[in-house]
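Novice: Have a look at this prediction, sequence included:
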Amino acid sequence: MSDARDQIFRAIVEALDRNRNLGGTLSSSEARSSYADTTPPRPGWDIPMQQRFLDKLDAAAASWEILESSEDITAAVHAYLQRQGLPAAVRVAEHPLLEALRWPEDLTVTPGTAHQGLDVGLSVADAAMAETGTLILCSGPESPTSLVFLPDHHLVVLPQDRLMPYMEDVWGLLRERPDFPPRSVNYVTGPSRTADVEQTMQLGAHGPRSLHVLLVP
Amino acid sequence: MPTDRALGRRGKAMQISPQEFKPQARAALKDATLQQALGRAKVGFTEKRRKGVEHFDDFEALRERGRRIRDHALNHMDEYLERLESMVQAAGGQVHWARDDAEARDIILGLCQQRQARRVTKSKSMITEEIALNPALERAGMDVVETDLGEYIIQLAKEPPSHIIGPAIHKTRQQISELFDTYHHQGALKAKLREIPELVTEAREVLRDKFLSADVGITGANFLVAETGSIVLVTNEGNADLTHTLPGMHISVAGIDKVVPTLEDATTLLRLLGRSATGQEMSCYTTFVTGPRRTDDPDGPEEFHLVLLDNGRSRMLSGPYRDMLRCIRCAACMNHCPVYGAIGGHAYGWVYPGPMGSVLTPLFVGLENARDLPHACTLNGRCATVCPVKIPLPDLLRQLRSDQFRQDIVDRRTRLGLRVWGYLARQPRLYSLATRVGSRLLRILGGRRGRLSRLPLAGGWTSGRDFPAPQGARFRDQWKKRQQQRRQA
Amino acid sequence: MAAAELLERAGYRVEVPEGQTCCGQPAWNSGDEEQARELARQAIHQLREFDHVVVPSGSCAATMICHYPTLLAGDREWQDAAYDLARRTRELTAFLAEASVEPTETPARFPGKVTYHDSCSGLRQLTIHDQPRQLLQRVEGLTLQEMEDTEVCCGFGGTFCIKYPEISEHMVSDKVERIQESGARAVLGGDLGCLMNIAGRMQRLGVPVKAYHVAEVLAGHADGPGIGEKG
């Protein structure tokens, strides 16, 4: 197997040497500095960043509400379940923000990973970006990955100071984490969908059918 | 429920038949159901991309940056692969190197057997088609389940993908209803045409059980990030994430060409990929996976393996086809190709169809095994204008023609025709005489209608078109006459 | 002939060199580089003394402008001459639009709706799109009705239509449908290959739409039969 590795590297190095000897092919436009020092072309907007984010959530078929305090999360979750006609049960990530909450007695709240047949999961986003209305969730003890993909309804709490304009800003934020990179960084833009049958968009392919965002201060 | 065996077999999937391009294309043109599906896909994809690009201020600048990122990464492939390898290992993953398809299959099969895998879930990956992975795993008794809805559909139909991002675009709702009836209801629905939400929900339920009971999950990788040792997975369904999160082992297979330097570079390429492929600014799920589950992670696989495949890519790295390695597999070229739009993906006969496939297939399977592909193009250039990393596809196809010509892989009629024509074109007097005789002959053949419905040596043209007979005198003769008249005047 | 007249009207002295044959595009596109090079040298030699070389066909012009320099790159004797020819060469409508001569004579007339097919080589290699449309505005009575997919290939593709006639026929049928949907009475274009292909298909199907080279309409010569019709 190390044979294969050595041989592949030898072939690559020889090919690159040949290119260099030919000259010309390695033009200055191929140097990393030819692009990396400038801001990448990316979409702009002339509305407040939060508005852009909310507009993009709408466009991605996600729903949202803005809460005045994180204490309102429990009531918001409760109301969501009632609106959707769902049983009063929710699986929650073991996140300090959620653990600090006082859940009403008539709501069954169990911490942990997701399982087959789960209706509702609740997570806290590590970041979000206004560019595309995307939530970012990093796997770890505070955020099981299965909770992002297995439940029918995924509810996500987003602390507003975690909202960034662009994906590059998100990387800046995440790189500060001591556990970076986690096993899985999930960029989530709206509920799961497919267009594999006759090019027609249909929500709820394999992941959640609904994505609901709770913005908290 | 489908039997595991029925699900497992992929029939024609691994057959290599690019040399059968002509009959395959002819059959495709006559297939009314296929034509119906293609008509819908053609409009759908081009319209989506147009809207996606329209909303971006300077898409040309984005393309240029994408090109530079890919060129830079290719020019330093050795450095970035080394960094990638060490970062994957630092995160607790293992890296395997495969020189060719057979080596890659053996590595993956070995890993699955080590894990005593009975069921393997897969998330859509063209490279696993390239290495014909499924039959190898099935021969070893494993139940291989494709989880992307489109891939699942064609797995039931025992067909290969016909498109690199919409593998089942050649299938109509009626055909899908019939397949689901056969495999999910044992024909009880009598092939009734069903609504799309119903079909999607049914597939979701069938596949849920597979996800949860899989021993190994296999994905490809849209990009490899050297900086962090991450693989990037892009889907809308979320199937890749269920594939890599739920089983005990995650294997990712990727070409060595997929490596990019940093997370920011991957970011730029993602902006290009979504817009070029489906017109999306961002796919529903974009995931950066780095290694296996950490000690205090509540879920995720215990093992992570990255299989890096060469299979001819290092050979392409120097020489005229290097630009092709920039490809990010967005499918914009085939979505905008009028030839692909007419015949669909299967006619191309191998894993990669359309313009990118017509370049890649001869390079992977050999010029002599894919004689038609470089020629099955009008060189109209639309593909190159939509390519997110500016691959000059028509130039590469022309280069392949030239390589074929040099290696004498050209049919005799073409070579003879070119030789005669070329000889004439280099002898102005003879050329003039030949065109004079030719045009007079055509005019006589055209008769009173002024057009020909049969033409010797070009029967193909006249089977569906008339050939316009030259009108009046040849331009050159008219010109000469006019100049003489003027001089006299 | 219409092209030559247009140029003369614009104030140029037009010559057609004896001994001119073909630009070599068929060889170049078939992979026969050696033959293509020889024909390129022949054309460069024959056209060396002209101030401007005007080509009434997008694909031939593109071959001379875009591909001769590539073909002869590294050929010390010829590469500069190839660039020089490329500099002097223009596709007809591009040349006329650039020259922007005020129409001195009575402008051409062509009453009715026409549609324009963008030939691929001209459009993508020479960015010819606005020029013919701009010129057609000067034609009296003419309305330009754009068709859907005007920039999609008609399926000609040189040797392509001979090698893969069924695919080519499928493509040209799509094109003819788009032309008919536009409601135009004539389809114009800047490349004879495409026009012959489209006209041939229309005549086989009995579609009563005429095909003309854009120069014919601009020169006021489009009162006769269309391409492929009885003269």
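Specialist: Ah, there it is.

Novice: where does the stretch 351-489 of chain B have low pLDDT?
Specialist: B:441-450, B:454-459, B:472 (pLDDT under 70).

Novice: of all of it, which residue lies closest to chain A?
Specialist: With distances taken as Cβ to the nearest Cβ, the stretch 351-489 of chain B approaches chain A most closely at B:Lys390, which sits 11.4 Å away. From N, CA and C alone the C-beta is placed, and that goes for glycine too.

Novice: Identify the residues contacting A:Asp106.
Specialist: By Cβ atoms under 8 Å, 6 or more residues apart in numbering or on different chains, the contact list for A:Asp106 reads A:Ala88.

Novice: counting residues per helix, which one in chain B is longest?
Specialist: Ranked by number of residues, the top helix in chain B under DSSP state H is helix B:32-54.

Novice: quick one, phi/psi of the residue in chain A positioned nearest to chain B?
Specialist: Of the residues in chain A, the one nearest chain B is A:Gly207, at a distance of 2.9 Å by Cβ to the nearest Cβ. Note on A:Gly207: backbone dihedrals following degrees, to the nearest 10 are phi -90, psi -160.

Novice: For B:Lys51, see how far away it is.
Specialist: When Cβ to Cβ, to the nearest Å is the yardstick, A:Gly207 and B:Lys51 sit 24 Å from each other.

Novice: Over to C:Glu148?
Specialist: Counting by Cβ to Cβ, the gap from C:Glu148 to B:Lys51 is 16 Å.

Novice: the helices in chain A, which residues?
Specialist: Secondary structure of chain A (DSSP H): helices located at A:2-22, A:33-36, A:49-59, A:73-83, A:96-99, A:146-149, A:167-175.

Novice: and B:Lys158, what element?
Specialist: In this assignment (DSSP states H and E), B:Lys158 forms part of neither any helix nor any strand.

Novice: And the lowest-mean-pLDDT helix or strand in chain A, what's buried?
Specialist: For chain A, using mean pLDDT, DSSP states H and E, the weakest element among its helices and strands is helix A:33-36, scoring a mean of 86. Of the residues in helix A:33-36, those buried under the neighbour-count criterion (16 or more other Cβ atoms under 10 Å in any protein chain shown) are A:34-36.

Novice: Contacts for that helix next, please.
Specialist: For helix A:33-36, contacts defined as Cβ under 8 Å, 6+ apart pick out A:28, B:65, B:68-69, B:72, B:262, B:264-265.

Novice: again, only this time at 10 Å
Specialist: By Cβ atoms under 10 Å, 6 or more residues apart in numbering or on different chains, the residues outside helix A:33-36 that reach it are A:27-29, B:64-69, B:71-72, B:261-262, B:264-265, B:268.

Novice: Got a PyMOL select line for the buried ones in those residues?
Specialist: Only the buried entries of the contacts of helix A:33-36 go into this PyMOL selection, using 16+ other Cβ under 10 Å:
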select buried, chain B and resi 64+65+66+67+68+69+71+72+261+262+264+265+268
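
Novice: ok, which pair from the contacts of helix A:33-36 is furthest apart?
Specialist: When Cβ to Cβ is used, the two most widely separated members of the contacts of helix A:33-36 are A:Ser27 and B:Glu264, lying 22.0 Å apart.

Novice: which stretches of chain A have low pLDDT?
Specialist: A:1, A:23-30.

Novice: the domain parsing of it - what is it?
Specialist: Chain A breaks down into these domains under automatic domain parsing: A:1-38, A:40-216.

Novice: winner for burial among these?
Specialist: Ranked by mean neighbour count, the domains of chain A are led by domain A:40-216 with a mean of 19 (mean count of other Cβ atoms under 10 Å in any protein chain shown).

Novice: Tell me how far it lies from the chain's centre.
Specialist: Here domain A:40-216 is found 7 Å from its chain centre; the criterion is Cα atoms, centre = their mean, to the nearest Å.

Novice: Equivalent analysis for stretch C:54-71, please.
Specialist: For stretch C:54-71, the distance to the chain centre is 11 Å (Cα atoms, centre = their mean).

Novice: Can you point out the buried residues in it?
Specialist: Along stretch C:54-71, these residues count as buried under the neighbour rule (16+ other Cβ under 10 Å): C:54-65, C:67-69, C:71.

Novice: again with stretch B:203-218
Specialist: B:203-204, B:206-208, B:210-212, B:214-218.

Novice: Take the lowest-mean-pLDDT helix or strand in chain C, keep the C-alpha atoms, and write them as PDB.
Specialist: None of the helices or strands of chain C scores lower by mean pLDDT, DSSP H and E than helix C:2-9, at a mean of 87. Extracted C-alpha coordinates of helix C:2-9, given in PDB (Å, rounded to 0.1, in the frame of the first residue of the first chain):
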ATOM      1  CA  ALA C   2     -24.300  40.600 -51.400                       C
ATOM      2  CA  ALA C   3     -21.400  40.900 -49.000                       C
ATOM      3  CA  ALA C   4     -19.100  42.400 -51.600                       C
ATOM      4  CA  GLU C   5     -21.800  44.900 -52.500                       C
ATOM      5  CA  LEU C   6     -22.300  45.900 -48.900                       C
ATOM      6  CA  LEU C   7     -18.600  46.500 -48.600                       C
ATOM      7  CA  GLU C   8     -18.400  48.500 -51.700                       C
ATOM      8  CA  ARG C   9     -21.300  50.700 -50.600                       C
END
